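In: dropping a prediction and its sequence here:
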Amino acid sequence: MTQSAQLGEIRHVDLVQPNQANHLGSYFGGAAMAQMDKIASLVAARHARRPFVTASCDRIDFRAPVFVGNLIELTGRVNLVGRTSLVVDVELSAEDMTTGERHICTQGGFTMVAQDRKTNPARLPPAPDRLIDFAASPAGSARVLELVFPGDTNSLGQLLGGNAMSLMGKAAQIAASRHTRSQVGMAASNKIDFIASTLEGELLDVTGQVVSVGRTSMRVAVRADAENLMSGERRLVGEAEYVMVALDEAGRPTPARPLG
Amino acid sequence: MTQSAQLGEIRHVDLVQPNQANHLGSYFGGAAMAQMDKIASLVAARHARRPFVTASCDRIDFRAPVFVGNLIELTGRVNLVGRTSLVVDVELSAEDMTTGERHICTQGGFTMVAQDRKTNPARLPPAPDRLIDFAASPAGSARVLELVFPGDTNSLGQLLGGNAMSLMGKAAQIAASRHTRSQVGMAASNKIDFIASTLEGELLDVTGQVVSVGRTSMRVAVRADAENLMSGERRLVGEAEYVMVALDEAGRPTPARPLG
Amino acid sequence: MTQSAQLGEIRHVDLVQPNQANHLGSYFGGAAMAQMDKIASLVAARHARRPFVTASCDRIDFRAPVFVGNLIELTGRVNLVGRTSLVVDVELSAEDMTTGERHICTQGGFTMVAQDRKTNPARLPPAPDRLIDFAASPAGSARVLELVFPGDTNSLGQLLGGNAMSLMGKAAQIAASRHTRSQVGMAASNKIDFIASTLEGELLDVTGQVVSVGRTSMRVAVRADAENLMSGERRLVGEAEYVMVALDEAGRPTPARPLG
């Protein structure tokens, strides 16, 4: 996949947590929609390099329930573009972590309006000629996104290292689980380097990829890039490598699936 | 209930989540008190239209445990008013979502002092002639409140659409559960409209109400109002409608209780 | 322990929550590292009274899993000091709340660089002559730390009372559990007083200590101090006392272990 194709795509994977579910372990619709809205605003900002707010969202049908412990993966694409607003289609898929079984849970169209439409008369860029396909992630990989908020930064507006580490660890966790299709535990974090700061308002884009497999362990390389959503400028901010161990249902190390 | 009576009342309902409980599933006292303090500061700000900080809170007895999955509902009222401080009585009730059984879990008196007491010599408005009654919510309804913090907003200080959606979905969830007294799932979100922005520091006041019932499904109308706590100005910021489905203990659709 | 010895030490205890764990109930490595990084930045700031950012962290091995419901306790100490950077060793121990069994889960070296190194030419203070020992907490006590972020404060930059209450309740909970080695519930919160405000950017340092024991109940005294990390100035901000009850596995009151 080329760098520009990767850039054109917004993709975010997450684990459904107990706090996002009812007593039957089923993911709340409102939590799903909050995630979908985040994706819509990232897609809109990337398309036009301007800030957007949500004006409305069309009917959203929940086709199938999602459960605690499932992976959810969200992608979005610009569908229609008007003078100062556009519609982003967002898709949320659920994936059973151990079987890899995957189904579309819900889709929705979010109408986003340019926040600066009263002061910036420029028309929005046209929609792409053809819709980006919603494709599954490459095997053994995970991509997680986070917008940096004031509560996540120090007094200079820089993202705290610990928050970045937490996201990088999550990407390693999901990438390894997806590769070997079992629960995994972190055996070690090899050296983590922070190369540059991520600033408030920027997007932190973290990708993990399984790079080698031993008997029960997997090495996962993780990189974190910061992107200024208004200018499109991107820079590498952190690199890490983790050793993850495949676990059976009793939590004991179990052989990991070989690579390729 | 008249609009002014509704305005005089602070009422907030929430679900107890696993992260707020110990290993026996029992709600932490400290989490309960944090919620009670939030209600006290909202009641004080509404009464005097000035900002308050907590000075102290009297002895609070926890009469009965609250469990994960229970609803908790908090209400508060001004009891005593001094020159620059006042006492707010806060009550926290627990409600079993499926039986509707309800009991007062704890009550407490919070002494709040005006934050601007050194620069604003005005006396606080007197306490109401008679105490507002602590009454249960109307059937099939839910009201949830949130103060908008810097971490919840974009760079213009406007609440993110996704955060509002999450709260609106929660109100729909609780209103439907309360109506039919079972677990419920979200089958669809009909069109959601955002009419105006909610700003940092404002109160977001979200109410859900079951408006019609099919065989297993319920339509829930939700509206969100923003209130400037200092001026009292209120405006409609969002409207939505959800289709919720009653679920049995195995998570299968089950007949919903008819309306009225 | 003298006041200055206490000040030299950064110690933080927490409960592992379901949201920080995988489906087998095992604590995420990334969540552990985020906590360790927070401790490293507190230790560095206290040592030099200057702000620091994380530059890198060395290999971290996870020796043993930590489970939901375990206590984790983190401590840190300055190990090496360069011209504008230093290395903080951080240790994370897990403690079984009911047996008191304790083991080191992981250790790591975090390289922190002074954020103001381009404008402040002063050398960092040298490392202490001998390393501070990593010791367990005194019996029946708990110490929890929190940095105050913009999302935790009112519009004047003061920590919300409810957030402080939540932390104070957690310290009481952990101190009582550690004393009697069982689950505990909060029976009452005696008067809580807030003496001064805690400001954004400050450290809130909360300690709980069991002070007397009845048949099934324990009184826990809690104090909260705020510390300006840049100046080292500390002040008492809140005092509270809680009545906690020892609970058996069915959630019924059970005799508490006598003091001393």
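Out: Received it, and whenever you're ready, just let me know what you need.

In: chain center to the helix or strand harbouring residue A:33, what's the gap?
Out: Per DSSP states H and E, residue A:33 falls inside helix A:29-48. Here the centre of helix A:29-48 is set off from its chain's centre by 11 Å, with CA atoms, centre = their mean, to the nearest Å.

In: what about it, near chain B?
Out: Yes: residues of helix A:29-48 contacting chain B under CB under 8 Å from any CB of the partner chain: A:29, A:30, A:31, A:32, A:33, A:34, A:35, A:36, A:37, A:38, A:41. (C-beta placed from N, C-alpha, C; glycine too.)

In: and the residues you listed as JSON lines, adding neighbour count and pLDDT?
Out: Converted to JSON lines, these look like this (neighbours: other CB atoms under 10 Å in any protein chain shown; pLDDT from 0 to 100):
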{"residue": "A:29", "neighbour count": "28", "pLDDT": "89"}
{"residue": "A:30", "neighbour count": "24", "pLDDT": "88"}
{"residue": "A:31", "neighbour count": "23", "pLDDT": "89"}
{"residue": "A:32", "neighbour count": "27", "pLDDT": "91"}
{"residue": "A:33", "neighbour count": "30", "pLDDT": "91"}
{"residue": "A:34", "neighbour count": "21", "pLDDT": "90"}
{"residue": "A:35", "neighbour count": "20", "pLDDT": "92"}
{"residue": "A:36", "neighbour count": "25", "pLDDT": "93"}
{"residue": "A:37", "neighbour count": "25", "pLDDT": "92"}
{"residue": "A:38", "neighbour count": "24", "pLDDT": "91"}
{"residue": "A:41", "neighbour count": "25", "pLDDT": "91"}
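
In: picking up where we left off before, tell me the mean pLDDT for the helix or strand following the helix holding residue A:33?
Out: Counting by DSSP H and E, the next helix or strand C-terminal to helix A:29-48 is strand A:52-57. For strand A:52-57, mean pLDDT rounds to 90.

In: and the helix or strand following strand A:52-57, which strands flank it?
Out: Tracing the chain past strand A:52-57, the next element assigned as helix or strand by DSSP H and E is strand A:60-62. Using DSSP bridges, strand A:60-62 pairs in its sheet with strand A:102-114 (antiparallel), strand B:183-189 (antiparallel).

In: okay, angle between the helix holding residue A:33 and strand A:52-57 too, please.
Out: Orientation check (axes from the mean of the first three to the mean of the last three CA atoms, to 10 degrees): helix A:29-48 against strand A:52-57 gives 130 degrees.

In: which stretches of chain A form strands?
Out: Using DSSP state E, the strands found in chain A span residues A:10-15, A:52-57, A:60-62, A:71-81, A:85-95, A:102-114, A:141-147, A:183-189, A:192-194, A:203-213, A:217-227, A:234-247.

In: want to throw the ones you listed into a markdown table with mean neighbour count and distance to residue B:106?
Out: A markdown table is the format used below for the strands of chain A (neighbours: other CB atoms under 10 Å in any protein chain shown; distance: least, CB to CB, whole Å):
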| stretch | mean neighbour count | distance to residue B:106 |
| --- | --- | --- |
| strand A:10-15 | 21 | 34 |
| strand A:52-57 | 23 | 38 |
| strand A:60-62 | 20 | 36 |
| strand A:71-81 | 21 | 36 |
| strand A:85-95 | 22 | 39 |
| strand A:102-114 | 20 | 39 |
| strand A:141-147 | 21 | 37 |
| strand A:183-189 | 24 | 39 |
| strand A:192-194 | 22 | 45 |
| strand A:203-213 | 21 | 41 |
| strand A:217-227 | 22 | 44 |
| strand A:234-247 | 22 | 41 |
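
In: now, among the residues of helix A:29-48 next to chain B, which is nearest to residue C:229?
Out: Taking CB to CB as the measure, residue C:229 sits nearest to residue A:38 out of the residues of helix A:29-48 next to chain B, at 32.4 Å.

In: weakest of the strands paired with strand A:60-62 by average pLDDT?
Out: Mean pLDDT is lowest for strand B:183-189 among the strands paired with strand A:60-62, at a mean of 89.

In: contact partners for residue A:58?
Out: Contact analysis of residue A:58 by CB atoms under 8 Å, 6 or more residues apart in numbering or on different chains lists A:108, A:109, A:110, A:111, B:191.

In: mind doing that once more with 10 Å?
Out: Contacts for residue A:58 (CB atoms under 10 Å, 6 or more residues apart in numbering or on different chains) come out as A:87, A:89, A:107, A:108, A:109, A:110, A:111, B:189, B:190, B:191, B:192.
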